[in-house]
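Peer 1: Just the structure for this:
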Amino acid sequence: MGERYGRGSRTGLQAVPCDGCPPRFADQLKETILSGIYAAAESSRNEERRQRQRLLIADMVHAANSWVDTLQIIAISSAGHRWKTSDMIEWVNTDSGRAMAQNMEIIKQNARKIRFETRDVDLLAALDVAQTAVSNSEIFEPIWNGSARDAETRTVIYRHLNHVKRVFLDLEEIGIKVLADPPTKGAP
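Peer 2: Numbers count the residues shown, from 1 in each chain. Model (predicted):
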């Protein structure tokens, strides 16, 4: 006598006598049902991971753009006067200064999280380029030491800031490709 499965056991399935069911059929049915449950759970975990990574990248891109916008304003203001130590100390305690520091922290934290979440070579390469671009702090030295009053020096800074925006846009585009929802069955 074979078995059929109903609700009630620890796995959610309980053997119930089934007249006329071959014994192997019941085992195959149980295996098929369990493999379907495992596949659905794996698919759900993958979707949650993709969603998490998309949010991390979106937050990084937003933070990088805000960081660049603030530095552009600082570069413009540095053309008119030299920053004194007291100006820098005062600026760090402004809302803009705190927001800029927070944006950099978001970039760093999210980059670490993404590294733990993915092994995709293209996404990791784009992340490396983006992190390198924002880590190049010596390019901003003329702002702080007063030599940014020279148009050529400011041009170098502006080019770098535009480069930072571009590499984060590239990171976003690669993230979209890598983390796009998988096509559904029957979709073109």
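Peer 1: which strands and helices sit next to the longest helix along the chain?
Peer 2: In the chain, with assignment by DSSP state H, the single longest helix is helix 23-80. On a contact count with 3 or more Cβ pairs under 8 Å, 6 or more residues apart in numbering; DSSP states H and E, helix 23-80 meets strand 2-6, helix 95-117, helix 121-135, helix 141-145, helix 151-179. For glycine as for every other residue, the C-beta is placed from the backbone atoms N, C-alpha and C.
Peer 1: one more time with 10 Å, if that's ok
Peer 2: Secondary-structure packing of helix 23-80 (3 or more Cβ pairs under 10 Å, 6 or more residues apart in numbering; DSSP states H and E): strand 2-6, strand 14-18, helix 85-92, helix 95-117, helix 121-135, helix 141-145, helix 151-179.
Peer 1: mean pLDDT lowest for which of those?
Peer 2: Among the helices and strands packed on helix 23-80, strand 2-6 has the lowest mean pLDDT, at a mean of 48.
Peer 1: Which of the helices and strands packed on helix 23-80 sits closest to D27?
Peer 2: Shortest separation from D27 across these is recorded for strand 2-6, at 8.6 Å, computed as Cβ to Cβ.
Peer 1: Quick check: Q53 vs D120, distance?
Peer 2: 9 Å (Cβ to Cβ, to the nearest Å).
Peer 1: And those two? Which one has more around it.
Peer 2: Q53 (20 against 17; other Cβ atoms under 10 Å).
Peer 1: Please list the outside residues in contact with stretch 37-54.
Peer 2: 11-13, 110, 113-114, 117-118, 120, 123, 172, 175-176, 178-182 (Cβ atoms under 10 Å, 6 or more residues apart in numbering).
Peer 1: from memory N145 sits against K84, does it?
Peer 2: No: the criterion here is Cβ atoms under 10 Å, and N145 misses it with K84 at 11.0 Å.
Peer 1: What residues does the nearest residue to G97 once chain neighbours are set aside make contact with?
Peer 2: In space, and not counting its chain neighbours, G97 is closest to W91: 4.9 Å by Cβ to Cβ, 6 or more residues apart in numbering. Shown in contact with W91 (Cβ under 10 Å, 6+ apart): 74, 77, 83, 97-98, 100.
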